[in-house]
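Participant: Need the 3D shape of this:
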Amino acid sequence: MTAETIDHSTLSRLVDAGAVDAAHVVGKTGGWSVVIRYGKAERPLAAQRSRQVRVFRRMDTLVSYLKDVGILHFDVDAADYAPDKASRPDRAAALRRTHEAAEYDKWFREQIEEAILQADDPNAVWISAQDAEKQMDKLRAELLAQPQSGDKA
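Facilitator: As a prediction, this is how the structure comes out:
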């Protein structure tokens, strides 16, 4: 069963009303969460979109957040804190794709430059669209007239 959480807007309203009794920062693998105590309830702060318990990767980000909300005093339990040493294999793939895209972009620009040079050549031979269509129609007819290879019994 998932613990009930508290969202940012509710926390802000509770702070404005002076109803927050305590804030408890709890270390966990990969970061820090905060549990808010108000009245007889204790609720962890939820992430805005996922509604899961929000984990701050950096303590300074959490401190800034709490100060902005209006919570200036809190206690810290670092017993279960462990920095997240997770590698990011997705970054290697993304970097590889970036390099491939850069290589393709370089090749493409070279092709365009070469085409422009050929088009600007005074000896370039130009054909009309109608002539190009006639040549393609003739080539298409020749290809369609060829016997198709395949396994036919």
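Participant: how far away is Glu133 from Gln118?
Facilitator: 22 Å (C-beta to C-beta, to the nearest Å). (Each C-beta comes from the backbone N, C-alpha and C, glycine too.)
Participant: show me where this protein has helices.
Facilitator: 8-17, 59-69, 89-120, 129-145 (DSSP state H).
Participant: out of those, nearest to Arg51?
Facilitator: The closest of the helices of the chain to Arg51 is helix 8-17. By C-beta to C-beta, the value is 11.4 Å.
Participant: Could you check the closest one and say which residues are buried?
Facilitator: Neighbour-count burial for helix 8-17 flags Leu11, Leu14, Val15 (criterion: 16 or more other C-beta atoms under 10 Å).
Participant: now do stretch 98-117
Facilitator: Per 16+ other C-beta under 10 Å, stretch 98-117 contains no buried residues.
Participant: Restrict it to CA atoms and write it as PDB.
Facilitator: Extracted in PDB, the C-alpha atoms of stretch 98-117 (Å, rounded to 0.1, in the frame of the first residue of the first chain):
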ATOM      1  CA  THR A  98      24.800  12.700 -31.900                       C
ATOM      2  CA  HIS A  99      28.100  11.800 -33.500                       C
ATOM      3  CA  GLU A 100      26.300   9.900 -36.300                       C
ATOM      4  CA  ALA A 101      24.000  12.800 -36.900                       C
ATOM      5  CA  ALA A 102      27.000  15.200 -37.100                       C
ATOM      6  CA  GLU A 103      28.800  12.800 -39.600                       C
ATOM      7  CA  TYR A 104      25.600  12.600 -41.700                       C
ATOM      8  CA  ASP A 105      25.200  16.400 -41.600                       C
ATOM      9  CA  LYS A 106      28.800  16.800 -42.800                       C
ATOM     10  CA  TRP A 107      28.300  14.300 -45.600                       C
ATOM     11  CA  PHE A 108      24.900  15.900 -46.600                       C
ATOM     12  CA  ARG A 109      26.400  19.400 -46.700                       C
ATOM     13  CA  GLU A 110      29.300  18.100 -48.900                       C
ATOM     14  CA  GLN A 111      26.800  16.600 -51.300                       C
ATOM     15  CA  ILE A 112      24.900  19.800 -51.500                       C
ATOM     16  CA  GLU A 113      28.100  21.800 -52.100                       C
ATOM     17  CA  GLU A 114      29.100  19.400 -54.900                       C
ATOM     18  CA  ALA A 115      25.700  19.600 -56.500                       C
ATOM     19  CA  ILE A 116      25.800  23.400 -56.400                       C
ATOM     20  CA  LEU A 117      29.200  23.400 -58.000                       C
END
